[in-house]
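Q: sequence plus the predicted model coming up.
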Amino acid sequence: MTDSYCLVSKMLFAKYNGNVPATASAWWKDLNSQCYGGQHGAWFDTGLLRRLGEGDSVLFWKDVWIGEEPLRDRYDALYCASAQQDNLVRDCGTWVAGEWNWEFNWNRFLSRQEEDLLVNLRIVVSAFSPSRGRADYWAWSNEVSGSYTVKSAYDVLHKQVQPVEGGIFKDLWAVRAPSNALALAWRAILGRIPTRDNLRQRNVLTETSDLSCPFCLHSIESIPHLFFSCNLSWRVWMFMYNWCGVSSVLPQDYAANFMQFLQGYGNQRWRQGAWAIWIAAINVIWYSRNALVFKDEEVNIQKVLDLIQLKSWSWLKAKIKGFSYTLFEWQSHPMLCLEVI
């Protein structure tokens, strides 16, 4: 795919003309996005190095085969004067008595400064020469062996993900809730919930698709809107605060919302229990949204609130030793129940 001269690359780029329409296959969308223009840029392309064999498929000036950039970028003045701009390595020299000699041709006489650059270029390429009987090949720069591995690719992408400040993920995964519920909250904080605006950005939905929030039908369905600023969601959170006997503003940023929820009450273990309420709210709002979209089930605000209380209570009762309060006691005095944690 990275080799623009290979048949598969030519075929795919001829079909899509360098652009990926919404109707393209899921495989090609993912490949193009991850390797050539996705969130992390051309990570795969930049991880490949061209290794010299006979030099019959490596472009002298344009391919990265010495160092970390093409020679045309390092010696741009010489490249502009070269009569061999599109030549392969094997066409930029000859074998004489078993030794390789570099030979360069120019479209004009070189200036004194360019002559100095040429001396430097000859020193650099003198350490390299084609190898008879050995094919050119690709090497993966992120492995000492030069071989591509899934682990090395994961490491490259993992390093490019911007960490959320404050150790929020450490706090999130310590919450007393089921792993699937925590995973949904984790995806929400990362902005990876498949809301309609996210699906549009990934070309899953077309430009003519309805992107409105299924709850209010007014605003575009984004993660901040769906979970926090939509009128229905806002009412849910206000009930949560009122239920816990506190008042607070409602941050629209998911990470800030998580960290601020019931902030200033109890120790870290207490907050891990309190965050179970936050996790339950995120999950119930999302599943209520899906029930509306896919099953046409009407959203009942009281049912949503009751389900949040039920889920958070059942999680804490199952995961915290000594949490023996009844559902009625939890619904009546949540802050006092959390004191046992």
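A: Good, I have the coordinates.
Q: neighbours around residue 103, how many?
A: Residues near residue 103, counting by other CB atoms under 10 Å, number 10. For every residue, glycine as well, the C-beta is placed using N, CA and C.
Q: now residue 153
A: By the measure other CB under 10 Å, the count of residues near residue 153 is 17.
Q: show me the shaky parts of this protein.
A: For the chain, applying pLDDT under 70 flags the ranges 1-43, 158-166, 264, 266.
Q: now the helix or strand harbouring residue 269, how far from the chain's geometric center?
A: Using DSSP states H and E, residue 269 maps to helix 268-295. Put simply, helix 268-295 sits 24 Å off its chain's centre (CA atoms, centre = their mean, to the nearest Å).
Q: go through that helix and flag the buried ones.
A: Buried residues in helix 268-295, counted by 16 or more other CB atoms under 10 Å: 270-286, 288-289.
Q: ok, now stretch 301-318?
A: 304, 305, 307, 308, 309, 311, 312, 313, 314, 315, 316, 317.
Q: now, which of those sits nearest residue 247?
A: Nearest to residue 247 among these is residue 305, at 17.5 Å by CB to CB.
Q: for the strand or helix carrying the closest one, name the packing helices and strands.
A: Using DSSP H and E, residue 305 sits within helix 301-319. Here helix 301-319 touches helix 231-244, helix 268-295, helix 327-332, going by 3 or more CB pairs under 8 Å, 6 or more residues apart in numbering; DSSP states H and E.
Q: which one of the ones you listed lies nearest to residue 114?
A: helix 268-295 (63.0 Å).
Q: beyond the one helix or strand residue 94 maps to, next helix or strand please.
A: Applying DSSP H and E as the criterion places residue 94 in strand 93-96. For strand 93-96, the succeeding helix or strand toward the C-terminus, using DSSP H and E, is strand 99-102.
Q: so how far is that next one off the chain centroid?
A: With CA atoms, centre = their mean, you get 46 Å for strand 99-102.
Q: can you verify my assumption that residue 310 contacts residue 317?
A: No. Residue 310 lies out of contact with residue 317 (CB atoms under 8 Å); the separation is 10.6 Å.
Q: what strand or helix carries the nearest residue to residue 54 once chain neighbours are set aside?
A: The shortest distance from residue 54 to any non-neighbouring residue, by CB to CB, 6 or more residues apart in numbering, is to residue 130 (5.2 Å). Remark: residue 130 resides in no helix or strand, with elements defined by DSSP H and E.
Q: could I get the phi/psi values of residue 130?
A: When read as degrees, to the nearest 10, the backbone of residue 130 gives phi -60, psi 150.
Q: what's the burial count for it?
A: 19.
Q: buried sites along stretch 192-211?
A: Quick answer for stretch 192-211 (16+ other CB under 10 Å): 193, 195, 196, 197, 198, 200, 205, 211.
Q: mind putting those in a markdown table, distance to residue 79 included?
A: Supplementary listing: the buried residues of stretch 192-211 in a markdown table, determined by distance: CB to CB, whole Å:
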| residue | distance to residue 79 |
| --- | --- |
| 193 | 48 |
| 195 | 47 |
| 196 | 48 |
| 197 | 44 |
| 198 | 43 |
| 200 | 42 |
| 205 | 44 |
| 211 | 47 |
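Q: and stretch 72-79, end to end?
A: 5 Å (CA to CA, to the nearest Å).
Q: actually stretch 236-251, not the one I typed
A: End to end - CA to CA - stretch 236-251 spans 14 Å.
Q: buried residues in it?
A: Neighbour count says stretch 236-251 has 236, 237, 239, 240, 243, 244, 248 buried, by 16+ other CB under 10 Å.
Q: make JSON lines from the residues you listed and add distance to residue 178 to it.
A: Listed next are those as JSON lines, based on distance: CB to CB, whole Å:
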{"residue": "236", "distance to residue 178": "20"}
{"residue": "237", "distance to residue 178": "22"}
{"residue": "239", "distance to residue 178": "23"}
{"residue": "240", "distance to residue 178": "19"}
{"residue": "243", "distance to residue 178": "22"}
{"residue": "244", "distance to residue 178": "22"}
{"residue": "248", "distance to residue 178": "26"}
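Q: closest to residue 167 out of the residues you listed?
A: Nearest member of those to residue 167, counting by CB to CB, is residue 248, at 21.6 Å.
Q: once you drop chain neighbours, what's closest to the closest one?
A: Per CB to CB, 6+ apart, closest to residue 248 is residue 241, 5.5 Å.
Q: next one: that neighbour from residue 327, what distance?
A: 20 Å (CB to CB, to the nearest Å).
Q: swap in residue 262?
A: To residue 327, residue 262 is 20 Å away according to CB to CB.
Q: between these two, who's got more neighbours?
A: residue 262 (21 against 13).
Q: correct me, but the more buried one touches residue 246?
A: Yes. Counting by CB under 8 Å, residue 246 is a contact partner of residue 262 at 6.6 Å.
Q: domains of this structure?
A: 1-47+141-161, 48-138, 165-338 (automatic domain parsing).
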